[in-house]
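Trainee: Using only what follows, build the 3D model:
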Amino acid sequence: MGSKEREIKSPEVQLGGNSTPKRGSKKLGIYFLESDDRKTAFGRGYSGGVGGATPVNIHGKPIPDINKTGGWIAALFIFGNEMAERMAYFGLSVNMVAFMFYVMHRPFSSSASAVNNFLGISQASSVLGGFIADAYLGRYWTIAIFTTIYLAGLTGITLVATIKVFVPNQDQCDQIALLLGNCEPAKSWQMMYLYTVLYVTGFGAAGIRPCVSSFGADQFDERSRNYRSHLDRFFNFFYLSVTVGAIVAFTAVVYIQMKHGWGAAFGSLAIAMGLSNMLFFAGTPMYRHRLPGGSPLTRVAQVLVAAFRKRNVSFQSSEFVGLYELPGKRSAIKGSSKIAHTDEFRYLDKAALQLKDDDGANPWRLCTVTQVEEVKILLKLLPIPACTIMLSVVLTEYLTLSVQQAYTLNTHMGHLKLPVTCMPVFPGLSIFVLLSLYYSVFVPISRQITGNPHGASQLQRVGIGLAVSILSVAWAGVFERYRRTYAIQHGYEASFLTQMPDLSAYWLLIQYCLIGIAEVFCIVGLLEFLYEEAPDAMRSIGSAYAAVAGGLGCFAATILNSIVKSVTRGKGETRESWLSQNINTGRFDYFYWLLTVMSLINFAAFLYAAHCYQYRSKDGTDRQSEKGPGSDHTSINAQDPIKNPQLSVFGRE
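Mentor: Okay, the predicted model is just below:
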């Protein structure tokens, strides 16, 4: 039987009592109705010369010669901005704890909690920046505004470290006085000012982090046969720029602090951010832009409301006309291509279910298939970044706990003595080496194992990263047990800021390098995964998922620390908690092993989520390199009911 004979013919549908189909509308397959009556998915007309995900210039107009814009040259300007942002981020994360302890005279525990909260806010608030970019401003203007806010925050922090009125009296405050808590504490208004400028800086990061990686990826042409290869390399080089920023923060900035003071150190971060802003704006003529698609929260709300209003309507109802969609290639959502229908979250399909009395004028009652699929994708993506929260917990704990470990160890490298705050540079160096060798070593070897032309799929890379993080934190527990036993046996139990000359800090390199490898595989794979899988008009929010997971990890680390301190302290304060300020009487080894068990449970959850996940099937040339040229794609996936007329794409109710 020929293919035409197997095709299910659409039944005649009466609209408003008329047996003739409505003018300007047609049926696709058996369940999909396209209509020219639709204006937008959110109530405003979408007209103009640009449709779908076509790149435009800064004025929102078509680019006359697209070959003169975008590509690697444009991406280089964007790399510089991200490098400076991460340089400031890591520079503050590792130095602010010491600044609060030595200058503001705050305890280590409260200083670490304050910095963890700063890290968490700067990442968790990224969803706000992603929303603003996708809904209203676009990625370019969002970066431009928030990077200026970031610079203002860094300038405020520099003033704290430069002007004496912002810090407590430093007279007669030596190391012994610090340990005994006899130094003059910072006044409440001084801490309030410091927290204010610190959180302004974190808020500035909220608009940069979710947009920079997506804006850089926007510079590559999705229609190119080498698009997937370019995208893969872009995210690796993007994270390489992040790593370079971190290395500079852990070395040059620490050196400046030791030689010229805290004001010069924080001032160098502000200067670097200012220079990166100039570089970013200098590349403006080169950039390709994507039109903001309107409020994604409004579109999500419309789908939920429309689905709820039709919750009692059956897909087998005689009132059922079809699933609503626009005709042709253009989507109802500005800056987005159409998205093929999927069978997941079938309840949400009721938002696109058109009944005989629906005219498509009310988006709170009838949504397009593409709009519904956007919501499905956002829900489907959630478990993957959620499983990376545990990695962020480990990274956050390392920034504080491993520094406390390093204070008790010998940091000499030959005749060179490295500052304790330089120790976190080693994960960055391991990341740098790994990314440099990634395409020459890892990809060829893994390609032989997996058969994937890119060496490993995005989710496989995330899984590798999570697995290596387990090894890192397990080793940290083993070494900490040895370090603590050594300190007690050699009489250093009460001297937790005294270095033990015969025990090298370079044993920490094992856990540092392992966590660096874990970060490369997990975060780079996650960023690429979210960019490709997220809806076209929600890619900034998709990228924000990774930042939000990182922020939640920082908050989770703070909460976990509080719980552990409360549970392990013992009655009547007779026993020190696992996370005692005196690391030699605490039990950091137990805490690391607790993190190991939690990481194992998280890894099992990730394996289940990855096993259940199905990569998004895109139309056009989005995945041409995977499907091969000549593959036939349709904008609406109606294959199941066509191949098997006994099955509905919705199943039986």
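
Trainee: Could you use CA atoms for every contact and neighbour count after this?
Mentor: Fine.

Trainee: buried ones in stretch 275-285?
Mentor: By neighbour count, with 16 or more other C-alpha atoms under 10 Å as the criterion, the buried positions of stretch 275-285 are 276-277, 279-280, 283.

Trainee: Quick one: the residues you listed as a markdown table, columns for distance to Val473 and secondary structure too.
Mentor: Formatted as a markdown table, those follow (distance: C-alpha to C-alpha, whole Å; DSSP: H, G, I helix; E, B strand; the rest coil):
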| residue | distance to Val473 | secondary structure |
| --- | --- | --- |
| Ser276 | 35 | helix |
| Asn277 | 37 | helix |
| Leu279 | 39 | helix |
| Phe280 | 38 | helix |
| Gly283 | 41 | coil |
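
Trainee: Which residue, neighbours along the chain excluded, lies closest to Glu493?
Mentor: Spatial nearest neighbour of Glu493, chain neighbours left out: Asn584 (5.3 Å); criterion: C-alpha to C-alpha, 6 or more residues apart in numbering.

Trainee: any idea how far the one you found is from Met500?
Mentor: The gap separating Asn584 from Met500 is 12 Å, by C-alpha to C-alpha, to the nearest Å.

Trainee: And Thr568, by the same measure?
Mentor: If you measure Thr568 against Met500 using C-alpha to C-alpha, the figure is 27 Å.

Trainee: Settle it for me: which of the two has more neighbours?
Mentor: Taking neighbours as other C-alpha atoms under 10 Å, Thr568 and Met500 compare with Met500 leading, 22 against 17.

Trainee: From Leu159, how far out is the spatially most central residue of the chain?
Mentor: Central residue of the chain (C-alpha atoms, centre = their mean): Ala546, 1.9 Å from the mean position. Ala546 sits 32 Å away from Leu159, going by C-alpha to C-alpha.

Trainee: part of a helix, is Ile241?
Mentor: No Ile there; residue 241 is Ser. Yes. Under DSSP: H, G, I helix; E, B strand; the rest coil, Ser241 sits within a helix.

Trainee: got a list of contacts for stretch 275-288?
Mentor: 55-58, 68-70, 73-74, 77-78, 80-81, 84, 144, 147-148, 218-219 (C-alpha atoms under 8 Å, 6 or more residues apart in numbering).

Trainee: And the buried ones among these, selectable in ChimeraX?
Mentor: To isolate the buried ones among the contacts of stretch 275-288 in ChimeraX, judged by 16+ other C-alpha under 10 Å, type:
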select :55,56,57,58,69,70,74,77,78,80,81,84,147,148,218,219
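
Trainee: So which of the contacts of stretch 275-288 sit within helices?
Mentor: Judged by DSSP state H, helices contain the following of the contacts of stretch 275-288: 73-74, 77-78, 80-81, 84, 144, 147-148.

Trainee: between those, which is nearest Lys334?
Mentor: Minimum separation from Lys334 among these (C-alpha to C-alpha) is found for Ala144, which lies at 21.8 Å.

Trainee: For that closest one, give its distance to Val462.
Mentor: Per C-alpha to C-alpha, Ala144 is found 31 Å from Val462.

Trainee: Equivalent analysis for Tyr193, please.
Mentor: 39 Å.

Trainee: what's the answer for Gly551, then?
Mentor: 18 Å.

Trainee: hey, where'd the strands end up in the stretch 201-350 of the chain?
Mentor: Taking DSSP state E, counting those that start in this stretch, the strands of the stretch 201-350 of the chain run over residues 320-325.

Trainee: which regions of it lie under the pLDDT threshold?
Mentor: Judged by pLDDT under 70, the stretch 201-350 of the chain has its weakly predicted residues at 318-319, 335.
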